[in-house]
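Peer 1: Everything below, folded, please.
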Amino acid sequence: MLKNAWFYRIKAAQRDLINLSGGIERVAEITSISKSHVGRWNNAQDTDLMPINAVLMLEENCGVALITSVMAELNGRRLSDETEHGQRNADVLSAYAETVRHAGEVMSAGALALADGTVTPAEALNVDRAVSVLERGLSDLRRTLAHVRAGDLKIVAGEGK
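Peer 2: Next up is the predicted model:
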């Protein structure tokens, strides 16, 4: 299992979900599962994966379908959010700036990892975490731009369409 790319994607999403849900102790409270078990979910080298009931509880708690999105993507699908259609005041400049910032973080993590010509598993994990954040930012930017193209969003905060 530790040699499968899908496994690393799910583990990265688990760590992100634990972080968004308030950390190991808070996740243990939400799921009624021990802190040591939650810690294994959070450990990139441990083979434990979250059970589906814990995934559903945590995704509902933080309002982000991180693991569900990865599972959909691994099966060639993509989730859509029903509330996307109701958003009217997204700020393109802000979404763009966040995406550029996240891209800089990926470049920085990559440069540090490649500086000695060797990428260790720990360095790969750091780069992967930065890429995960960038990926979500790119998705947000693309969604915002699609609303602009459809004519239902402001281009810059404070100005009308």
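
Peer 1: Against residue 30, how distant is residue 60?
Peer 2: When Cβ to Cβ, to the nearest Å is the yardstick, residue 60 and residue 30 sit 9 Å from each other. Every C-beta, even on glycine, is put in place using the N, C-alpha and C of the backbone.

Peer 1: how does the chain divide into domains?
Peer 2: The record assigns the chain these domain ranges, following automatic domain parsing: 5-74, 84-149.

Peer 1: Of those domains, flag the one that's most buried.
Peer 2: Comparing those by mean neighbour count (mean count of other Cβ atoms under 10 Å), domain 5-74 comes out on top with a mean of 17.

Peer 1: Rounded mean pLDDT for it, please.
Peer 2: Averaged over domain 5-74, pLDDT sits at 92.

Peer 1: gap between the two ends of it?
Peer 2: In terms of Cα to Cα, to the nearest Å, the two terminal residues of domain 5-74 are separated by 10 Å.

Peer 1: Toward the C-terminus, what is the element adjacent to the helix or strand hosting residue 100?
Peer 2: The secondary structure element spanning residue 100 is helix 92-114 (assigned by DSSP states H and E). Moving toward the C-terminus from helix 92-114, the next helix or strand (DSSP H and E) is helix 121-149.

Peer 1: what helices or strands is that following helix leaning on?
Peer 2: Using 3 or more Cβ pairs under 8 Å, 6 or more residues apart in numbering; DSSP states H and E as the contact criterion, the neighbours of helix 121-149 among helices and strands are helix 5-20, helix 92-114.

Peer 1: In a markdown table: the ones you listed, plus distance to residue 139.
Peer 2: Formatted as a markdown table, these follow (distance: least, Cβ to Cβ, whole Å):
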| stretch | distance to residue 139 |
| --- | --- |
| helix 5-20 | 14 |
| helix 92-114 | 10 |
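
Peer 1: between those helices, which one is nearest to residue 65?
Peer 2: Each of the helices and strands packed on helix 121-149 was scored for nearness to residue 65 using Cβ to Cβ, and the closest is helix 5-20 (9.3 Å).
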